[in-house]
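*Asks:* requesting a structural model of the entry that follows:
(one chain, ligands or ions: 2)
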Amino acid sequence: MVTSLYMDPRTNPYAPGAGTIPPELAGRDEIIEKAAIALDRCRNGLASRGLFLVGLRGVGKTVLLTRISQNAEANGFVVVSIETPEKRSLPALLIPTLRTALLKLDRVAAVGDLGKRALRVLGGFVGAMKLKYQDIEFGVDLGNEPGIADSGDLEHDLVALFTEVGRAAKERKTALILFIDEIQYIKEDQFAALIMALHKCTQNQLPITLVGAGLPQLVGLAGRAKSYAERLFEYPEIGPLSESAAREALEAPALRLSIKYEKCCTHSSNID
Ligand SMILES: Nc1ncnc2c1ncn2[C@@H]1O[C@H](COP(=O)(O)OP(=O)(O)OP(=O)(O)O)[C@@H](O)[C@H]1O
Ligand SMILES: [Mg+2]
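*Replies:* Ligands and ions are numbered 1, 2, ... in the order given. Below is the predicted model:
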């Protein structure tokens, strides 16, 4: 066992930084499993609730959301990830990533053509939303399905769009999972439309759900946007790591380099 006071900057395994996946995602196994169960239930058409990971700045929401989405993708879910909703409208963020997801879905070998239809419905949605939200820069012509998701009313159109997407996902025996970080920044009317669309999918047992993350005010915002949000989602609280998890987060990456922390006698430290 090598003991060293200094880390070689070339091999230093630690990766501090907002949203940077740590070398050891410690202490979050329970919530990762909870999310996996919710997603599997959604895919199997069973009652499940979406998740909002709620916690203060810096506790590890983003990296946890990223890990859950990586696991979902590895397990065959169709993943749609949205970031920084404070800068743009929800449709502007949703359209390109949803198109990518639908193209992926369409490539999954299966009979039926609901994937192509969902892409056309998305095309109609783009046209309607472009008139309303000036920040939509989407230039690809996806065709359209006249009369579906093209009214210009976000709440109405998002329900229609998600319904088509849900049907396509169901046909492919998968589920579409939306991952949205910093969800508290979504404007209230757009948040309400999103919750409504997910609610309709739940009612119709269509496999679409949301895993979001945000600051504690998110709980109140969701309730204000739609009162039934309380029943539609769970709000697991993401707190600081326990002492043993914090220890593991530091010790495990070092141990992989055969470096071990030793008790320090000159300073009192959490890692003694
Ligand atoms: N479970 C964990 N184990 C080890 N390191 C972690 C863990 N969770 C978070 N970190 C580290 O803590 C830092 C902050 O994490 P993250 O950016 O995910 O927090 P956040 O809650 O999203 O913060 P903010 O609210 O500011 O966006 C990152 O460097 C990340 O690698
Ligand atoms: Mg974050």
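
*Asks:* contact partners for the closest residue to ligand 1 within the stretch 51-200 of the chain?
*Replies:* Among the residues of the stretch 51-200 of the chain, G60 lies closest to ligand 1, at 2.5 Å counting by CB to the nearest ligand atom. Glycine gets a C-beta too; all of them are placed from N, C-alpha and C. G60 sits next to 25, 28, 238, 241 when contact means CB atoms under 8 Å, 6 or more residues apart in numbering.

*Asks:* same thing but 6 Å
*Replies:* Shown in contact with G60 (CB atoms under 6 Å, 6 or more residues apart in numbering): no residues.

*Asks:* likewise for A192?
*Replies:* Applying CB under 6 Å, 6+ apart, the residues near A192 are 225-226.

*Asks:* next, it: secondary structure please.
*Replies:* helix (DSSP: H, G, I helix; E, B strand; the rest coil).

*Asks:* in the stretch 101-250 of the chain, where is pLDDT below threshold?
*Replies:* 109-111 (pLDDT under 70).

*Asks:* which positions in this protein make contact with ligand 1?
*Replies:* With the criterion set to CB under 6 Å from any ligand atom, the chain comes near ligand 1 through 16-20, 22, 24-28, 55, 57-63, 241, 249.

*Asks:* which among these count as buried?
*Replies:* By neighbour count, with 16 or more other CB atoms under 10 Å, the residues of the chain next to ligand 1 hold 22, 24-28, 55, 59-63, 241, 249 as buried.

*Asks:* next, the buried residues of stretch 103-118.
*Replies:* So for stretch 103-118, counting by 16+ other CB under 10 Å, buried means 104-106, 114-118.

*Asks:* cool, stretch 185-201 as well?
*Replies:* Those would be 185-186, 190-201, for stretch 185-201 by 16+ other CB under 10 Å.

*Asks:* pull the most distant pair out of the buried ones among the residues of the chain next to ligand 1.
*Replies:* E24 and G55 (19.0 Å; CB to CB).

*Asks:* quick check: A254 is in a helix.
*Replies:* Yes. Counting by three-state DSSP, A254 is located in a helix.

*Asks:* mind checking how far it is from G60?
*Replies:* The spacing between A254 and G60, counted by CB to CB, to the nearest Å, is 19 Å.

*Asks:* swap in G223?
*Replies:* In terms of CB to CB, G223 sits 24 Å off from G60.

*Asks:* with P23 instead?
*Replies:* In terms of CB to CB, P23 sits 13 Å off from G60.

*Asks:* longest strand in the chain, by number of residues?
*Replies:* Identified as the longest strand of the chain according to DSSP state E is strand 208-214.

*Asks:* check the offset of that strand from the chain's centre.
*Replies:* Chain-centre distance of strand 208-214: 5 Å, with CA atoms, centre = their mean, to the nearest Å.

*Asks:* what does that strand contact?
*Replies:* Against strand 208-214 from outside (CB under 6 Å, 6+ apart): 42, 50-53, 61, 65, 68, 162, 166, 176-184, 198, 201.

*Asks:* lovely, talk soon.
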